[in-house]
Every structure is written in structure tokens, then in C-alpha cells.
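>>> Take this sequence and fold it.
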Amino acid sequence: GLGEGYSSVSIADGIIYTAGKSGNQTYIFAYDRNGKRIWEMPNGQAWATTMSHARSYTGSRSTPTYDDGVVYHLGETGRLAAFDSKTGRELWFVNLRERYDAAIPEYGYAESVMIDGDRLYCSPAGKKGFMVCLNKKEGTQIWTSTGITGEAGYCSPVLMDYGGYRQVLSMSSDCVYGVDTETGDKLWSVVYEGQRSLNNTDPVVHDDYVFVSSGYGKGSMLLKLKTSGAKIIPEKVWESDLMDNHHGGVILHEGYLYGAGHESRGWFCLDFMTGKEMWKSRGKGSLTFADSMLYLLEENGVMKLIDASSGEYREKSSFNVPEGGKGMYWAHPVVCGGRLYIRHTDKLFAYDIKSD
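Take a look at the predicted model:
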């Protein structure tokens, strides 16, 4: 009953949250651990397209964000709303396109919004605000940042403390950038544009380093941030055409990067500091990490369990996930409370993965 979509799940206080498309509406769903629906609420018109190659890609994108008894969700057409986590009662909503003079991105809004303290961060990519900071309790504006080039990049923001600033990092269609969380001022940016205007993978932050990756042959890049007075200056450490991640995500574990390439097809392990390939195995998809293991979900629905090791690709086991509808298995897998959750279009599957 989830409808169409690629939203993954968020889990808090024993409740599972996700989103899906039914008819021409996007809905937020809440389930208990036994799969019984607790509530559902609409969140705006669903995304549609006339692009022939993308007609099968319709459905929810953003995964609901939970914080302090509230669930936040950004619909594909720009409706941002907050819901009571227990009852689904809508607390507030904002039409980001109207407020910030923004057009619906080519593939619809896809980011999962970020909460930090009393603030919510997201990227309408509009003329009156590319990235914005809102009060999470009311949806009122705290600041907007307009000095960012390009269009919506589809990735979600991350936080970084460096150079005396608490920064929010993200990517547009043609750059990676950092913004001051207090003022919205752009602190730095680096051009990062591929063959297509799509930067889907979240930046990975470690100490004073920022790793980015993008599909369609763009590849990966590691930046090191340095300071000069009050300025932050990004410097490129390395760049590689390996692991040009499409939208399956990248994991950093004990100095090594794990993820899949797009046109370079394959699961990769790269040395974080040098970009050196440690190993490669056939496949492509999304992944997550738990208890020193990597859970790899192939686009065709094969779930693989491997050691998170830079020494070699070591597969422990695998199985085929049933179909929940048509299309690729693009929703990221989630591990929580001894269970593995995998969403495929209309269905959500839960697996017991506790050791005996």
C-alpha cells in the first residue's frame, strides 16, 4: 500500500516512516514494527513528467526526517510539511516554490531535509533562496542563501565544523559548497559539474576533508579545507573517474570509501586519502553499514552482505528481495534494532538479521 516511490524509511520510538505516491498525491505513512499502518497523510501533488525516459521514475523521493516527536517531509513538487509523529496531524507547511520563486527540478525535489537544534535546512533552489534555514517549529524563515550557482543537485545537506564556522554542506547541479549556519553566507565553493546536471550523492565529511562523487562519468574528488584569516579555502587533494556514484550513497569506514560506480559499473573500495583502488567487484546499487558489515542492495533486487574490509571483496551471503512493483530497487536499505528494511515501490520488507 505504499504506492510508487524511492523513499527509504526513518525509524523512531518504534514507528517506521516512509512516503509514496498514490494517484496524483504524495503521502506520508507511519507503521508499527509489525507492519500495521498507524496513519497516513497527504503532502502535496506528486511529480509527473513528459520525458519519455523518466516516466517510470515517478513516485516519492525524499525520506521523512524525524526529530523530537515531529516528522518533516519535502514533497517532489515543493511542499514542505511537519507532522505530529504519533497522530500524523499536520503542524505546518510551506510551499517552497512560491516562497522562494523556484521551479520544480527536472526530476522533482529529492533531498531529505536536515534538522540541527531548532533549525531546518533545505534547498528550494529558487531565485529568492537557493539554500534556506527555517525555524523547525513554525516553518518561518531565519535566513536565505542566494549566492550559489546552478540548479537543484538532489543530494541532502550535511554538517561540518571547521575554521570557526558551523557549516552546512551540499551540492547544486554544478558545484559543492559550504554555507555559514548562522548567517547563510556562502563560505566557499568548488565547481563540480558532470555531463548531466545531476549531483545526487551526499558529501562525505571527515575532519577537514570533504569527499564528493557523481555519476555520468564525473567520478570522485577529495577536498581539503584550509583557512586564511577568516576565509576558508578549499584545495583539491585528488580526483578520480573511479566510483562515479549515481545515487546509491558512499560509506566512509576506517579510512576507506565504499560505494558503487555508475558508468564505471562496480562496487568499489577506495583509499580515502589517495583515491587508490583497493578492490572492485561487479554490481551497482545502494548500501548501508552496521556492525562492521556492508549491506549492498543491487538495482536488480539482490541483497548482499560483505565484510567492511579494504583487503578484498568478501561476500558472506546474498538473497533475492521479492518484487513490490515495477522498476529498480533504488530505495536505500536501512538497518535498525536487529532488522533490515528494504523498500521496493509498493511494498516494505523487514528481515530479522540478529545473530543467534
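
>>> Dihedrals phi and psi, I104?
For I104, the backbone dihedrals (degrees, to the nearest 10) come out as phi -60, psi 130.

>>> residue furthest from the geometric center of the chain?
Residue farthest from the centre of the chain, counting by CA atoms, centre = their mean, is G229 at 33.1 Å.

>>> Would you mind measuring from it to G164?
Separation of G229 from G164 (CB to CB, to the nearest Å): 11 Å. From N, CA and C alone the C-beta is placed, and that goes for glycine too.

>>> who touches both of those two?
Where contact means CB atoms under 8 Å, 6 or more residues apart in numbering, no residue is in contact with each of G229 and G164.

>>> Check D356 and give its pLDDT.
We have a pLDDT of 69 for D356.

>>> do D84 as well
The score at D84 is 98. That number is its pLDDT.

>>> Just give me the neighbour total for it.
The number of residues packed near D84 is 15, by other CB atoms under 10 Å.

>>> How about the one 4 residues further on?
In terms of burial, G88 registers 16 neighbours under the definition other CB under 10 Å.

>>> Give the helix, strand or coil label for it.
coil (DSSP: H, G, I helix; E, B strand; the rest coil).

>>> Next, work out how far apart it and I38 are.
Shown here: G88 relative to I38, a distance of 8 Å by CB to CB.

>>> what touches both of the two?
Common contacts of G88 and I38, defined by CB under 8 Å, 6+ apart, comprise A30.

>>> What segments of the stretch 1-150 of the chain are strands?
Using DSSP state E, counting those that start in this stretch, the strands of the stretch 1-150 of the chain run over 10-12, 15-22, 25-31, 37-45, 65-67, 70-74, 79-84, 90-95, 114-116, 119-122, 131-135, 141-145.

>>> Can I get the third one in CSV, CA atoms only?
Which is strand 25-31. What follows is strand 25-31 as a C-alpha-only set of coordinates in CSV (Å, rounded to 0.1, in the frame of the first residue of the first chain):
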residue,chain,number,x,y,z
GLN,A,25,-0.8,12.7,-4.4
THR,A,26,2.3,12.1,-2.3
TYR,A,27,1.5,10.5,1.1
ILE,A,28,3.5,10.1,4.3
PHE,A,29,3.0,6.8,6.1
ALA,A,30,3.6,5.6,9.6
TYR,A,31,3.7,1.9,10.6
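
>>> Show the secondary-structure elements that that strand is packed against.
In terms of contacts (3 or more CB pairs under 8 Å, 6 or more residues apart in numbering; DSSP states H and E), strand 25-31 is packed against strand 15-22, strand 37-45, strand 70-74, strand 79-84.

>>> just the longest one next, same as before
In terms of contact count using 3+ CB pairs under 8 Å, 6+ apart, strand 37-45 is assigned the packing partners strand 25-31, strand 79-84.

>>> So which of these is the most surrounded?
Among these, the stretch with the highest mean neighbour count (mean count of other CB atoms under 10 Å) is strand 25-31, at a mean of 23.

>>> Spell out which strands sit alongside that one in the sheet and which way each one runs.
For strand 25-31, the pairing partners within the sheet under DSSP bridges are strand 15-22 (antiparallel), strand 37-45 (antiparallel).

>>> Alright, that wraps it up for me.
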